[in-house]
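# take a look and give me a structure for this.
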Amino acid sequence: MSDRASATDAEGDPTGSVGSRNTSGTTDDTDPFMSVRNLRTYYDERTVLSRDPPVKAVDGVSFDVYDGETLGLVGESGCGKTTLGRTLVGLESATGGTVEAEGTDVTNLSGNEQREWQRRVGMVFQDPEESLNDRQTVGESIREPLDAHDWPFLPVAVEGLPDATVSGKAVTAADSVGNGDSATNGETDGRTDITVRVDPADHEVSVREKLPLSRDDVEVSVDRDSATVSVTVEKSKREIRRDRVFDLLDRVGLNEEHYYRYPHQFSGGQRQRVGIARALALEPEFLVLDEPVSALDVSVQARIINLLEEIQDELGLTYLFIAHDLAVVRHIADRVAVMYLGSIAELGPAESVYTDPSHPYTLSLLSAIPGSGSPWSGERVQLRGTPPSPRDPPEGCPFATRCPAKIRPDDPDLDEETWRALDELRVVFRTRSRAEFSTLETIKGLVGAEVDPESVEEAVDDLLGDRNLPSDARETVDEAVDLAVHGNDDEAAALLRDAFGSRCDEEHPEAYQRGEGWQSRCLRHEAEYRDAPETIDTRERGDGF
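Predicted structure coming up:
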């Protein structure tokens, strides 16, 4: 049966949105908090003795994150989710691309600018036991980022006294006023902790609500003649930090007494609450939540998820929520990005992606959700094999080697199981070509002698032994096997690709617009092809395509 859609199918969408392309992943006109464009994070481990290609952990990722939203990031283990999150917050160095926040590329920051960005973002790690120092009390762990950044900065703003100069121990001048010699030159993060309103007869002092400091802790004197405002904070920074930690413990559902305990004295859920408190210490705007509940019991997961939602509502935070549990992501995320082999396969509103997945990889993930949580009514879509090595990703679509909806050429006319067997055989040759053989086997290959012929012939027999191939197809397979047996696995794989490959093996799909703020990278979105869900359903029933 033909792999292409009928004329009626091709004309089914009068708007033309099926074939239109969009690179932003959203149609929202609001300026994003963060814009990621063509981000790449590679690990190059080449040495004098090893010339292995770099690991392409994140490879050309683009998306936007909007203020106050939760963007879910899902995918198999090893697809690059954690590396992407760590790159966004500056824990990993980007190889290329940009991450822009308020017009600034944060991948190129250094010095004070980098430290300011690190205060605006935070991360909650997957394993709460490993992410906490057993030798530090919980209070010390939460206070550590406050000590490292010399928090608080106590910026002082003056209203009603033009060109005022601020002086005083441990305070800084807000951006709008001068800075006296005795004031501390520090970072203000755009916030104002203390505001002094000056009128002709008196002055009024207010303290930022979220700061563990009261009006009674601040003494202010104003010299109107010299336009000088002197501010004295009675509390030491150490006391303010301690009180900040107490506030954070309370916010995440722990008690003041927990300040003095060690991580091993807590349960897994309590340790993760400590990790959340530490991530919130510097009052960030954006948090990367790296599988924050995957190591916890189901009942504890629900409480942590509810806590994260409450904190987000209260503080107006923006989340990147990384997980492999799609049911959890559906509960908490506004939008979902599906990641495979270092790139984004599908990105869109959570309900759209979950109820009507466009990309075959998304559909395969959702089909694995047990019970009624899956939108897929058929049998579970089993993906063959394992993802390719990120050192050697496919030249075309990253998902082509495992895709159950892969576009097939019109010739030869083969059933789907035979096509899949040929794909798997090509993967065997590609894998062998990158494998490290012994010195003897390498020499054999160089002189044309046979290299481990039993394993090659065994693979062919397992995959194609009981299949009736057309004579020309069988000749091609035999020629490829002969090349592989003599150590020419690269040539064998190339021969099978040329004979049995398709567009999916050659073209890296662009992002196709599937709806409002919804994009997917699959060639089947072009009007001439049947869509992925229909193709998979038909192939699973054995009807062709």
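# where along the stretch 1-150 of the chain do the strands fall?
Here the stretch 1-150 of the chain has its strands, by DSSP state E, counting those that start in this stretch, at 34-43, 55-65, 70-74, 96-101, 104-105, 121-124.
# what comes into contact with the shortest one?
Strand 104-105 is contacted from outside by 98, 99, 113, using C-beta atoms under 8 Å, 6 or more residues apart in numbering. Every C-beta, even on glycine, is put in place using the N, C-alpha and C of the backbone.
# where does the stretch 51-200 of the chain dip in pLDDT?
51, 176-190 (pLDDT under 70).
# what segments of it are helices?
81-88, 111-120, 138-148 (DSSP state H, counting those that start in this stretch).
# who wins for proximity to residue 265 among those?
helix 138-148 (8.6 Å; C-beta to C-beta).
# give the buried residues for the closest one.
138, 139, 141, 142, 143, 145, 146 (16 or more other C-beta atoms under 10 Å).
# that one: how far from the chain's middle?
26 Å (C-alpha atoms, centre = their mean, to the nearest Å).
# hang on, the earlier thing: now distance to residue 462 too, for the helices of the stretch 51-200 of the chain, in a markdown table please.
What follows is these, written out as a markdown table (distance: least, C-beta to C-beta, whole Å):
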| stretch | distance to residue 462 |
| --- | --- |
| helix 81-88 | 33 |
| helix 111-120 | 52 |
| helix 138-148 | 53 |
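# how far does stretch 223-234 sit from its chain's centre?
When distances are taken as C-alpha atoms, centre = their mean, stretch 223-234 is centred 48 Å away from the chain's centroid.
# can you show me the CA trace of that stretch as CSV?
What follows is stretch 223-234, C-alpha atoms only, in CSV (Å, rounded to 0.1, in the frame of the first residue of the first chain):
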residue,chain,number,x,y,z
ASP,A,223,20.6,65.4,56.2
ARG,A,224,18.6,67.4,53.7
ASP,A,225,21.3,70.1,53.3
SER,A,226,23.9,67.6,52.0
ALA,A,227,21.2,65.3,50.5
THR,A,228,22.7,62.4,52.5
VAL,A,229,20.7,59.4,53.9
SER,A,230,22.4,57.3,56.5
VAL,A,231,21.0,53.8,57.0
THR,A,232,21.9,51.5,59.9
VAL,A,233,20.6,47.9,60.0
GLU,A,234,20.7,46.6,63.5
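# and the contacts of it?
154, 156, 158, 161-171, 180, 194, 196, 198, 213, 216-222.
# if we can go back for a sec, how about the strands of the stretch 1-150 of the chain in CSV, adding distance to residue 456?
Below are the strands of the stretch 1-150 of the chain laid out as CSV (distance: least, C-beta to C-beta, whole Å):
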stretch, distance to residue 456
strand 34-43, 31
strand 55-65, 27
strand 70-74, 37
strand 96-101, 38
strand 104-105, 49
strand 121-124, 46
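# between the ones you listed, which gets nearest to residue 272?
Going by C-beta to C-beta, the one of those nearest residue 272 is strand 121-124, 7.5 Å.
# who does the closest one touch, helix- and strand-wise?
Applying 3 or more C-beta pairs under 8 Å, 6 or more residues apart in numbering; DSSP states H and E, we find strand 121-124 packed against helix 81-88, helix 268-280, strand 286-290.
# try 6 Å
Applying 3 or more C-beta pairs under 6 Å, 6 or more residues apart in numbering; DSSP states H and E, we find strand 121-124 packed against helix 268-280, strand 286-290.
# quick one: closest of these to residue 425.
Smallest distance to residue 425 across those (C-beta to C-beta): 37.2 Å, for strand 286-290.
# what's the first helix or strand after that closest one?
helix 298-315 (DSSP states H and E).
# what average pLDDT does that next one get?
For helix 298-315, mean pLDDT is 94.
# other residues contacting that helix?
The contact list for helix 298-315, computed with C-beta atoms under 6 Å, 6 or more residues apart in numbering, reads 269, 272, 293, 332.
# I'd like the distance between residue 103 and residue 34.
Distance, residue 103 to residue 34, by C-beta to C-beta, to the nearest Å: 11 Å.
# which of the two has more neighbours?
For residue 103 versus residue 34, neighbours defined as other C-beta atoms under 10 Å are more numerous around residue 34 (21 against 7).
# ok, for the more buried one, nearest residue in space, not its chain neighbours?
residue 65 (4.3 Å; C-beta to C-beta, 6 or more residues apart in numbering).
# how about the contacts made by the spatially closest residue to residue 278 that is not a sequence neighbour?
Leaving aside its chain neighbours, residue 278 sits nearest to residue 142 (4.7 Å; criterion: C-beta to C-beta, 6+ apart). Residue 142 sits next to 245, 248, 277, 278, 281 when contact means C-beta under 6 Å, 6+ apart.
# and for the last one, the neighbour number?
It refers to residue 281. Applying other C-beta under 10 Å, we find 23 residues neighbouring residue 281.
# surely it meets residue 145?
Yes - counting by C-beta atoms under 6 Å, residue 281 does reach residue 145; the two are 4.8 Å apart.
# which one of the contacts of residue 142 is nearest residue 108?
residue 281 (25.7 Å).
# re earlier: now list the buried members of the contacts of stretch 223-234.
Buried among the contacts of stretch 223-234 (16+ other C-beta under 10 Å): 154, 156, 158, 161, 164-168, 170-171, 180, 194, 196, 198, 213, 217-218, 220, 222.
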